[in-house]
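Asker: Pasting the sequence and the predicted model now:
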Amino acid sequence: MTTDPLTAMQQARIELAACFRWTAKMDMHESIANHFSVAVPGDGQQFLCNPQGQHFSRIKASQLLLLDANNPSTMHQANAPDPTTWAIHGALHRNVSDAHCIMHLHPRYATALACLKDKTLYPIDQNTMRFYQRVAIDTGYDGMGLGNEAERLTQCMGDKRILLMGNHGVLVIASTVAQCFDDMYYFERACRTLLDCYATGQPLDSANHEVAEKTAQQWQNYGFNFGQQHLNELMAILDKEDSSYRL
């Protein structure tokens, strides 16, 4: 376990950069928009995030911005982040104590589900059951995540760690970069399965409450640091293909 603050910050930079690269490889990003952040060692108010206007596929560890959630002059600095990055992530890091890593995307299937009248992720397979009754749904979209809208979003999470943002996208928070990415990855796959089933026009075959909840708890207790192993494997692949994300 990394205990030295400087070493921990560098590891966070590398892992987050790897997640940007892999998100681009899976086409879950959107142009030069969307954003990830991770709190650095300390009180959780300082965090790393992607620089403004940079494509996920080109981000390097050293390029991540270090911001202070309580610094009102942030958007007046020369290296100011994207306004929605600052608004949403700044608000979350200020207001949600366990929002260590935050990932916000507009991926195809999660966003499609967010645009349906019924935004429920029904428990129809193991991946959808992973999130059974563990997703907050925001139905109060009021424009891009700026100002009051960003602050409002921090109240929508409740005790959940995934927010399906109606008419917008998805937001995931977790205690580690690896867990956050793993949750985002599986949530998008779960949404894809549901939307594929909807496309058949056939009725859904949802599991009952007992089975769905048992499966969700099995996911939670799966053990052996599944999310970290997932990210380690992705980083190993990137290291062979293009290790520049580490720079």
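Answerer: Thanks, I have it.

Asker: CA atoms for contacts and neighbours, from now on please.
Answerer: Will do.

Asker: which residues does the residue most central in space within the chain bridge with?
Answerer: Nearest to the mean C-alpha position of the chain, counting by C-alpha atoms, centre = their mean, stands residue 103 at 2.4 Å. Listed beta-bridge partners, residue 103: residue 36, residue 172 (assigned using DSSP bridges).

Asker: got the contact list for it?
Answerer: Contact partners of residue 103, counting by C-alpha atoms under 8 Å, 6 or more residues apart in numbering, are 35, 36, 37, 171, 172, 173, 180, 181, 184.

Asker: Any figure for the gap between it and residue 36?
Answerer: Residue 103 sits 4 Å away from residue 36 when distances are taken as C-alpha to C-alpha, to the nearest Å.

Asker: Same check on residue 178?
Answerer: Counting by C-alpha to C-alpha, the gap between residue 178 and residue 36 amounts to 12 Å.

Asker: Looking at the two, which has the bigger crowd around it?
Answerer: residue 36 (26 against 23; other C-alpha atoms under 10 Å).

Asker: In this structure the more buried one contacts residue 102, no?
Answerer: Yes - the pair residue 36 and residue 102 qualifies as a contact (C-alpha atoms under 8 Å) at a distance of 5.7 Å.

Asker: which residues sit against stretch 221-228?
Answerer: 178, 179, 181, 182.

Asker: Helix or strand: which one has the first one?
Answerer: Using DSSP states H and E, residue 178 sits in helix 177-200.

Asker: Take the helix or strand that comes right after that helix, keep the C-alpha atoms, and write them as PDB.
Answerer: Downstream of helix 177-200, the first helix or strand assigned by DSSP H and E is helix 209-220. The C-alpha atoms that make up helix 209-220 are tabulated as PDB, following Å, rounded to 0.1, in the frame of the first residue of the first chain:
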ATOM      1  CA  HIS A 209     -36.000  -8.900  -5.400                       C
ATOM      2  CA  GLU A 210     -34.300 -11.600  -3.400                       C
ATOM      3  CA  VAL A 211     -32.200 -12.900  -6.300                       C
ATOM      4  CA  ALA A 212     -31.300  -9.400  -7.500                       C
ATOM      5  CA  GLU A 213     -30.300  -8.200  -4.000                       C
ATOM      6  CA  LYS A 214     -28.300 -11.400  -3.300                       C
ATOM      7  CA  THR A 215     -26.400 -10.900  -6.600                       C
ATOM      8  CA  ALA A 216     -25.700  -7.300  -5.900                       C
ATOM      9  CA  GLN A 217     -24.200  -8.200  -2.500                       C
ATOM     10  CA  GLN A 218     -22.200 -11.000  -4.100                       C
ATOM     11  CA  TRP A 219     -20.700  -8.400  -6.400                       C
ATOM     12  CA  GLN A 220     -19.900  -6.200  -3.400                       C
END
